[in-house]
Each structure stands twice: as structure tokens, then as C-alpha cells.
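1. Sequence first, then the predicted structure, then my questions.
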Amino acid sequence: MAVNDPVADIASVIEEENFLTVTPPALNMIKTLLSQRNIPDHALRVFVSGGGCSGLQYGMAFEPQPKDYDALVEVGGVRLVVDPTSLLYLRGAVIDFVDSLMGGGFRIENPNAVSSCGCGTSFKTKDSGEASAGGCSSCSH
């Protein structure tokens, strides 16, 4: 095995307990969405991309099959896939679902984020540089 082998790195992260945690309310909502969309065999891709008011933003999408390089984990009967780059930012994160009068949706509590926007979908890590000034279009911050 080569040094800095990304496949080996993913395997070691997957073997860690709780590299990505999903709360029961989030699991229930993911299962509901899979059922409503009639795609019970799809996996939920959780990813990080550049953008948002804090520099990085979370995303989620259903996919029929993981890519060869993806980390794949099953939590409570739901398959989650994460690409190697996103895995660096999401290690130890908790996915939750909040349903409230003031606004609901999926929330990610990320121990790697040093700051985040009030919308909860944009964040900054200590290595991602300074966030741009201003707020994001999906919240009032």
C-alpha cells in the first residue's frame, strides 16, 4: 500500500466509530423522502463544496449508486456516501433534522467548523481562510 493512498485513508476513516452520525429525526426524514420519491435503493450523498457566505457549504442529494472512490456507510438502514474531499471536512459531524415554526430542515453540527452562517448551510474551517463579509441570501445574517 502506497503512502498517502486516498483509498486507504477513506477506509481508515470509515473504520472509525462515528465518522458521521445521523440523529433519529434525520434518519426518519431521509427514509420518508426516499419513500415519497419512490427511490428506496438510493443513497444520500452528503458533500461540501465551495461557496456560501462563509466560504464552504453543505449539500445533500440522492444518488442511485456510489462512485468507486466514495466512502459508504449504512446508518439505521440508510446508505450515506461521502467523497474523499468532503470527508475531510465532515469527519465527526452530526446530521440532524429540525422541524419548527421558525424554519426547519436538515442541520449539520460540524466539529471542524470554526464559524458558520445563521442559515446553517455555510461554514468556515480554520484552514479555509477568512470568510467574506456580508450575509447569505437564505438567512438574515
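-> Everything's here; your move.

2. With adjacent residues omitted, what lies nearest to Pro25?
-> With sequence-adjacent residues excluded and distances taken as CB to CB, 6 or more residues apart in numbering, Pro25 is closest to Phe97, at 4.4 Å. Every C-beta, even on glycine, is put in place using the N, C-alpha and C of the backbone.

3. part of a strand, is the one you found?
-> Yes. Phe97 forms part of a strand when assessed by DSSP: H, G, I helix; E, B strand; the rest coil.

4. Quick one: neighbours of it, just the number.
-> 18 (other CB atoms under 10 Å).

5. what ranges do the strands span in this protein?
-> 20-22, 43-50, 56-63, 71-75, 78-82, 93-98, 105-109, 113-116, 122-125 (DSSP state E).

6. okay but the residue nearest to Pro25 is in contact with Glu109, surely?
-> No. Using CB atoms under 8 Å as the test, Phe97 is too far from Glu109 to be in contact (11.9 Å).

7. State which helix of this protein is the longest.
-> helix 24-36 (DSSP state H).

8. Could you pull out the buried residues of stretch 37-47?
-> Residues His42, Ala43, Leu44, Arg45, Val46, Phe47 are the ones in stretch 37-47 that count as buried (16 or more other CB atoms under 10 Å).

9. pLDDT averaged over that stretch - what is it?
-> Taken as a whole, stretch 37-47 carries a mean pLDDT of 96.

10. so where's this structure uncertain?
-> Low-confidence segments of the chain (pLDDT under 70): 1-18, 51-54, 113-141.

11. One more pass at 50, please.
-> Across the chain, the ranges flagged by pLDDT under 50 are 1-3, 5-16, 123-124, 130-141.

12. quick revisit: looking at the buried residues of stretch 37-47, which one is closest to Pro24?
-> Using CB to CB, Leu44 comes nearest to Pro24 of the buried residues of stretch 37-47, at 15.2 Å.

13. circling back to that earlier point, any idea which of the strands of the chain gets closest to Leu33?
-> When these are compared (using CB to CB), the closest one is strand 56-63, at 7.5 Å.

14. Can you list the helices and strands that that closest one packs against?
-> Under the contact criterion of 3 or more CB pairs under 8 Å, 6 or more residues apart in numbering; DSSP states H and E, strand 56-63 touches strand 43-50, strand 122-125.
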